[in-house]
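J.: Got a predicted structure here, sequence first:
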Amino acid sequence: MPAYRLPVVFVLACTLLIVGAVTNSRARAQSDTELDELRRQVGQLHQAGKDSEAIVVAERYVAEAQKHYGDRHPAYAAAISTLAILLQNTNRPNEAEQLMRRALRIDEASLGPEHSTVGGRLNILAILLKDTNRTAEAESLMRRALAIAEKNFGSEHASVATALNNLAQLLDDTNRLAEAEPLMRRALAILEKSLGPDHPAVAIALDNLAQLLQETNRAIEAEALMRQALAIHEKSLARTIM
């Protein structure tokens, strides 16, 4: 089973999505600033490995989003989705799932079932379902997320590569390697074209494909991809140190 995963479309640092009429009132501007600051704090704590503290701030973020926008607005859905990801990371999948499904319902109702944000919510929920051994439902959601990404962004966008990777990992994990391989290769090609051949996401995709090749007894090709991935990781590390 591959040890690496490309990130899902929507993560803790996702941009707060505001739809509908735009108001220039001072009160709304102030509330947006407060929410932005809370979300920034959540992201910083998460990156520092302090998810328990991040959850406390995320709960405040949810409360403020509900206070300012109500519980049917995409801003509220973004807040509860952020909290859900943290709960999943801290081994609280039941609570996380409830919030993920709620965020999905809000966005489907307010934005429409084929909006790109809905695709992101589907990916996040599908990964949780896969991790809790509900692969049939997870696969269905991943295929829907892929279709949404292709419709919204076109077939060569990095978001499509993420959706392809998620589905390929599920197929790999359920021993459907022949189905997983072309999806991994397509995801890799998209990332190389859209992000450049030296991007860290390309290295992750190379590692994923290499491990599948190992599982299917193609060690020589797998080694070549691993060496390519290692070179990218080393370049990325060198840029970070400089």
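T.: Everything's here; your move.

J.: mind listing the helices for the protein?
T.: 26-47, 51-69, 74-89, 93-111, 116-131, 135-153, 158-173, 177-195, 200-215, 219-241 (DSSP state H).

J.: The third one vs helix 51-69, what angle?
T.: Going back to what we said before, that points to helix 74-89. 160 degrees (axes from the mean of the first three to the mean of the last three Cα atoms, to 10 degrees).

J.: what's the answer for the fourth one, then?
T.: Taking the same axes, to 10 degrees, one finds helix 93-111 and helix 51-69 inclined to each other by 30 degrees.

J.: Pull out the buried positions in helix 93-111.
T.: Judged by neighbour count using 16 or more other Cβ atoms under 10 Å, the buried positions of helix 93-111 are 93, 96-97, 99-100, 102-104, 106-108, 110-111. Where C-beta positions appear, they are placed from N, C-alpha and C, glycine not excepted.

J.: Equivalent analysis for the first one, please.
T.: Applying a neighbour-count criterion of 16+ other Cβ under 10 Å, one finds 31, 34-35, 38-39, 41-43, 45-46 buried in helix 26-47.

J.: so how far is it from its chain's centroid?
T.: When C-alpha coordinates are averaged (Cα atoms, centre = their mean, to the nearest Å), helix 26-47 and its chain have centres 20 Å apart.

J.: still on that earlier bit, ok, the buried residues of helix 93-111 vs residue 132, which is closest?
T.: residue 93 (5.6 Å; Cβ to Cβ).

J.: And that closest one, how far from residue 43?
T.: Residue 93 sits 22 Å away from residue 43, going by Cβ to Cβ, to the nearest Å.

J.: Over to residue 108?
T.: For residue 108, the distance to residue 43 equals 26 Å [Cβ to Cβ].

J.: same check, this time on residue 131
T.: Using Cβ to Cβ, residue 131 is found at 22 Å from residue 43.

J.: What of residue 210?
T.: Taking Cβ to Cβ, one finds residue 210 at 31 Å from residue 43.

J.: for residue 211, same thing?
T.: In terms of Cβ to Cβ, residue 211 sits 30 Å off from residue 43.

J.: the bottom helix or strand of the chain by mean pLDDT?
T.: Least confident element among the helices and strands of the chain, by mean pLDDT, DSSP states H and E: helix 26-47 (a mean of 81).

J.: For the nearest residue to residue 190 once chain neighbours are set aside, give its distance to residue 59.
T.: Once flanking residues are discounted, residue 190 sits nearest to residue 161: 4.1 Å by Cβ to Cβ, 6 or more residues apart in numbering. According to Cβ to Cβ, residue 161 stands 33 Å off from residue 59.
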